[in-house]
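> Would you be able to build a 3D model of this:
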Amino acid sequence: MKILILNGPNLNMLGIRKPEVYGNDTLDAINRYLIKSFPDHDLDFFQSNTEGEVISRLHSANKSYQGVVMNPGAWTHYSIALRDAVESCLIPVIEVHLSNISAREEFRRFSIISAVSLGTISGFGKYSYTLAIQALLNFLPEKEK
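The predicted structure is shown next:
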């Protein structure tokens with residue numbers, strides 16, 4: 001199966017920014033971990049701090065992937081444009097977060113992305129991505145894998 005792992009703003013700062021919240025792993029380290037964890041699947045990775053680039057990548061994902069695992073970062077809480085892009089996807093999108101957003105500051109507790117995603121996984125660090133990929137593998141019909 002071909003899966004797009006899509007990361008939003010500030011995730012390029014993993015390992016530097018608030019390691020007590022987000023952990024010590026860099027985004028590259030997480031990506032390498034996922035490749036080793038799912039050797040039979042084709043994982044593509046994209047991170048941007050520019051909202052339009054992430055939206056464009058979602059729009060084109062329908063043509064090339066069976067599913068998307070997306071950490072929208074701060075856009076989780078306010079980006080109507082990103083929400084609309086997820087809603088328009090013809091393939092399943094699973095929202096992930098390294099930290100448990102429900103246990104964070106009040107403004108971080110609500111996701112506008114969750115309502116248009118297949119599901120949301122948060123609070124398990126890099127394993128949130130692992131769980132999301134496994135969920136996609138379990139969700140998709142055998143013919144699509």
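> contacts, neighbours, all on C-alpha from now
Will do.
> OK, contacts around the closest residue to Leu58 other than its chain neighbours?
Closest residue to Leu58 apart from its sequence neighbours, by CA to CA, 6 or more residues apart in numbering: Ala85 at 6.6 Å. For Ala85, the contacting residues are Ile55, Leu58, His59, by CA atoms under 8 Å, 6 or more residues apart in numbering.
> ok now the helix or strand Ile133 falls within, how far from the chain's centre?
Assigning secondary structure by DSSP states H and E places Ile133 in helix 127-139. Remark: helix 127-139 is offset 10 Å from the chain centroid, using CA atoms, centre = their mean, to the nearest Å.
> Then stretch 9-29?
The offset between the C-alpha centroid of stretch 9-29 and the centroid of the whole chain comes to 14 Å, using CA atoms, centre = their mean.
> Only the buried residues of it, if you could.
Buried residues in stretch 9-29, defined by neighbour count with 16 or more other CA atoms under 10 Å: Pro9, Leu11, Asn12, Leu14, Gly15, Tyr22, Gly23, Asp25, Thr26, Leu27.
> min pLDDT across the residues you listed, which one?
Comparing pLDDT over the buried residues of stretch 9-29, Tyr22 scores lowest. The value there is 61.
> what's the helix or strand for Phe46?
strand 42-47.
> The nearest residue to Phe110 once chain neighbours are set aside and Leu27, how far apart?
Counting by CA to CA, 6+ apart, Phe110 lies nearest to His77, which is 6.0 Å off, once chain neighbours are set aside. Note on His77: its distance to Leu27, by CA to CA, to the nearest Å, is 21 Å.
> Could you do Ser111 as well?
Ser111 sits at a distance of 22 Å from Leu27 (criterion: CA to CA).
> What's the first helix or strand after the lowest-mean-pLDDT helix or strand in the chain?
For the chain, counting by mean pLDDT, DSSP states H and E, helix 19-22 ranks last in confidence among helices and strands (a mean of 65). Secondary structure here is assigned by DSSP H and E; on that basis, the next helix or strand after helix 19-22 toward the C-terminus is helix 27-37.
> Would you mind listing the buried residues in that following helix?
Here helix 27-37 shows Leu27, Ile30, Asn31, Tyr33, Leu34 as buried, counting by 16+ other CA under 10 Å.
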